[in-house]
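[1] The following block contains a protein sequence and its predicted model.
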Amino acid sequence: MIDGTVTTTGVAEVSRPGNRTGRALILVGLGVGVLYVAGHLIQDLADVRVPNVLPFALLALALLVALGFEFVNGFHDTANAVATVIYTNTLPAPLAVAWSGLWNFLGVLVSGGLVAFTIVSLLPVELILQVGSGTGFAMVFALLVAATLWNLGTWYFGLPSSSSHTLIGSIIGVGLANQLMSARTGTSGVDWSQALSVGRSLFMSPLVGFTCAAVLLLAAKALVSRRELYEPPVGNQPPPLFIRALLILTCTGVSFAHGSNDGQKGMGLIMLILIGTVPTAYALNRAAPPAETRAFVAISRDAGDVLNRYASGSVDAEPRSELTGYLRTRTLSPATLPALRQVVADLANELATYEELRDLPLERVGNVRNDLYVVSETLGLMHRTGQPAFDAKDAATLTAYKAHVDAATKFIPTWVKVAVAIALGLGTMIGWKRIVVTVGERIGKTHLSYAQGAAAEITAMITIGAADAFGLPVSTTHVLSSGVAGSMAANRSGIQAATVRNLLIAWVLTLPASVLLAGLLFILFRAVVG
């Protein structure tokens, strides 16, 4: 060890080149994926009629920026998943990185989209409703550019900061800038209740990682008395077979969970881009079967009956404006429930005249989508605040209705998942080394032992998987890095204070830096687009 940095054969493993056959297979897989994405995108846009090529140019640019964010996310965050298997000699670096990239890919493909729309719901409602305007594009580009720039900066210095923190900070920055620029119009900024809920999950993740990894290591020491598990590897010697299998399993689980959780953050923004540029193709789930439309109309009648029992009077203002005002102020007025009842009835009457969503006239798609979105967000806010107090049966009816509304608007085409999966997996395979070296060598004062690697990986796999099930965005970086630190502390191996200090500084600065950067970019981009 020199100047607090571990020098072992792990560095040689990190630098070892992969074989040509593996690279060829990866390239073939990427080629097939790109063709699949391009083919489905062209098919979706075949019937779109626009006056000029500007929407398509904006779409191409926005998709490039969004996929660039996921690419950087791949080599910035996913590198954490392979650090332990590389530095315990469980797998050679090229194979570990390719394996992790594959499971990130699969994790993205099977993700449900809950995290994606949790992220989107943090944005000001009027920006989402006007995502096809210049201000909407300014919002999307500010978010993505700010998050990508901060991720690249921390990656350059080998600091495993959180892409989740960065994106959340960017969303807050855009919301604050939007509120400051439009103070006289009463426009909304940040949904702080939602932001605090997400913030709690991000704040707790490193504490969970540190504590659980430490407890797991201490439990292993008490139950498994094999000395070699708790000592650094000797040369290039791989771990015992059972611990090697466990490390490969946990690396797989972390990679899969990272794909299913982090990959969704880009998906939500890509859907905003698609809705803004080509709403006729993507504003509504036109692949929904006729039975879904009939079920929606039926549950709408039930929801209308519920609202009739709680709403009194009528609404004087335009109903959607009343609901957006409620979402902006988060204050229930006497007109809110009548407005909600009116919009629910109007949607049911309009959709009842069509066999399925694809039959809806193109000029009505955008308005129907916005009405559905506002209804969903209104019901969600009422549920979170508990106002008005619906009884259990009525609340269940409205929850079922909201699920049908979300099915029509909160969907992610398979080709979007494939595109994000390719970007995330490719990023994992290309730029992983800087973060891997930090996690594997510079957190603890000794080389990572087999048991320490397993404890950190198991903690990360379970934590991220649980968060994904509850729709909470968490930081793979925070969970795994703090897990390594926790295992070092429990093993009394010592922690490199300089590295931990730099990590903490990066983690603390991520939120304010991304808030400021995204806010300034939003102001700049909005001035450019008008």
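    That came in fine, so what should we check first? Numbering: from 1, shown residues only.

[2] I'd like the distance between residue 253 and residue 319.
    Using C-beta to C-beta, to the nearest Å, residue 253 is found at 47 Å from residue 319. Just so you know, the C-beta spots here come from the backbone N, C-alpha and C atoms, and that holds for glycine as well.

[3] neighbour-wise, which of these two wins?
    residue 319 (23 against 20; other C-beta atoms under 10 Å).

[4] That one and residue 344 touch, don't they?
    No - using C-beta atoms under 8 Å as the test, residue 319 is too far from residue 344 to be in contact (9.4 Å).

[5] how about residue 313, secondary structure?
    At residue 313 the chain is in coil, as set by DSSP: H, G, I helix; E, B strand; the rest coil.

[6] Neighbours of it, how many?
    For residue 313, the count of nearby residues is 9 (other C-beta under 10 Å).

[7] Please report how far it lies from residue 338.
    With distances taken as C-beta to C-beta, residue 313 is found 6 Å from residue 338.

[8] Quickly note the distance from the residue lying farthest from the centre of the chain to residue 401.
    Residue farthest from the centre of the chain, counting by C-alpha atoms, centre = their mean, is residue 313 at 41.4 Å. Distance of residue 313 to residue 401, computed by C-beta to C-beta: 22 Å.

[9] any idea how the chain splits into domains?
    With domains defined by automatic domain parsing, the chain comprises 20-277+418-529, 286-409.

[10] for the record, mean pLDDT for the longest helix seen in the chain?
    Looking across the chain with DSSP state H, the single longest helix is helix 241-277. Mean per-residue pLDDT for helix 241-277: 83.

[11] and what of stretch 61-75?
    Mean predicted confidence for stretch 61-75 is 84.

[12] ok, now stretch 374-392?
    Stretch 374-392 carries an average pLDDT of 91.

[13] Would you mind listing the buried residues in it?
    Neighbour counts over stretch 374-392 (16 or more other C-beta atoms under 10 Å) mark 374, 375, 376, 377, 378, 379, 380, 381, 382, 390 as buried.

[14] got it, and stretch 98-109?
    Residues of stretch 98-109 classed as buried by neighbour count (16+ other C-beta under 10 Å): 98, 99, 100, 101, 102, 103, 104, 105, 106, 107, 108.

[15] And the next helix or strand past the longest helix of the chain?
    Remark: after helix 241-277, the chain's next helix or strand is helix 279-282, criterion DSSP states H and E.

[16] my guess is residue 376 contacts residue 401, does it?
    No - contact criterion C-beta under 8 Å: residue 376 and residue 401 do not qualify, at 9.4 Å.

[17] Skipping adjacent residues, who's closest to residue 490 in space?
    Nearest residue to residue 490, sequence neighbours excluded (C-beta to C-beta, 6 or more residues apart in numbering): residue 214, at 3.8 Å.

[18] The one you found: how many residues sit nearby?
    For residue 214, the neighbour count with other C-beta under 10 Å is 23.

[19] cool, and residue 282?
    25.

[20] Contact partners for it?
    Contacts for residue 282 were tallied using C-beta atoms under 8 Å, 6 or more residues apart in numbering; they are 44, 271, 274, 275, 413.

[21] wait, which of these is closest to residue 509?
    Minimum distance to residue 509 across the contacts of residue 282 is 29.8 Å, recorded for residue 271 (C-beta to C-beta).

[22] Using the three-state scheme, assign the closest residue in space to the closest one that isn't next to it in sequence.
    Of all residues not flanking residue 271 in the chain, residue 412 sits nearest, at 6.2 Å (C-beta to C-beta, 6+ apart). Here residue 412 is recorded as coil under three-state DSSP.

[23] wait, isn't residue 412 in contact with residue 115?
    No - counting by C-beta under 8 Å, residue 412 does not reach residue 115; the two are 11.0 Å apart.

[24] Mind checking which of the two has more residues around it?
    Counted by other C-beta under 10 Å, residue 412 and residue 115 do not tie: residue 115 has more neighbours, with 27 against 22.

[25] Secondary structure element holding that one?
    Taking DSSP H and E as the definition, residue 115 sits inside helix 114-120.

[26] Summarise which helices and strands that helix is packed against.
    helix 163-181, helix 192-223, helix 241-277 (3 or more C-beta pairs under 8 Å, 6 or more residues apart in numbering; DSSP states H and E).

[27] quick one on the thing from earlier: and the residue nearest to residue 271, what does it touch?
    Listed by C-beta under 8 Å, 6+ apart, the contact set of residue 412 reads 113, 116, 267, 271.

[28] Next, give phi and psi for it.
    Phi and psi for residue 412, reported as degrees, to the nearest 10, are phi -130, psi 110.

[29] now do residue 354
    phi -120, psi 150.

[30] now residue 67, nearest residue through space, not along the chain?
    residue 423 (4.3 Å).

[31] Could I get the buried residue list for the one helix or strand that neighbour maps to?
    Assigning secondary structure by DSSP H and E places residue 423 in helix 414-430. Within helix 414-430, the residues scored as buried using 16+ other C-beta under 10 Å are 415-429.

[32] got the CA coordinates for that helix in PDB?
    C-alpha atoms of helix 414-430 as PDB (Å, rounded to 0.1, in the frame of the first residue of the first chain):
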ATOM      1  CA  THR A 414     -40.900  -1.600 -25.900                       C
ATOM      2  CA  TRP A 415     -38.600   0.100 -28.400                       C
ATOM      3  CA  VAL A 416     -38.000   2.900 -25.900                       C
ATOM      4  CA  LYS A 417     -36.900   0.300 -23.300                       C
ATOM      5  CA  VAL A 418     -34.600  -1.300 -25.800                       C
ATOM      6  CA  ALA A 419     -33.100   2.000 -26.700                       C
ATOM      7  CA  VAL A 420     -32.400   2.900 -23.100                       C
ATOM      8  CA  ALA A 421     -31.200  -0.600 -22.400                       C
ATOM      9  CA  ILE A 422     -28.700  -0.300 -25.300                       C
ATOM     10  CA  ALA A 423     -27.400   3.000 -24.000                       C
ATOM     11  CA  LEU A 424     -27.100   1.900 -20.400                       C
ATOM     12  CA  GLY A 425     -25.500  -1.400 -21.300                       C
ATOM     13  CA  LEU A 426     -23.100   0.200 -23.800                       C
ATOM     14  CA  GLY A 427     -22.100   2.800 -21.300                       C
ATOM     15  CA  THR A 428     -21.400   0.100 -18.700                       C
ATOM     16  CA  MET A 429     -19.000  -1.600 -21.100                       C
ATOM     17  CA  ILE A 430     -17.000   1.500 -22.100                       C
END
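
[33] Number the chain from 360, please
    Got it, first residue is 360 now, which makes that one helix 773-789.
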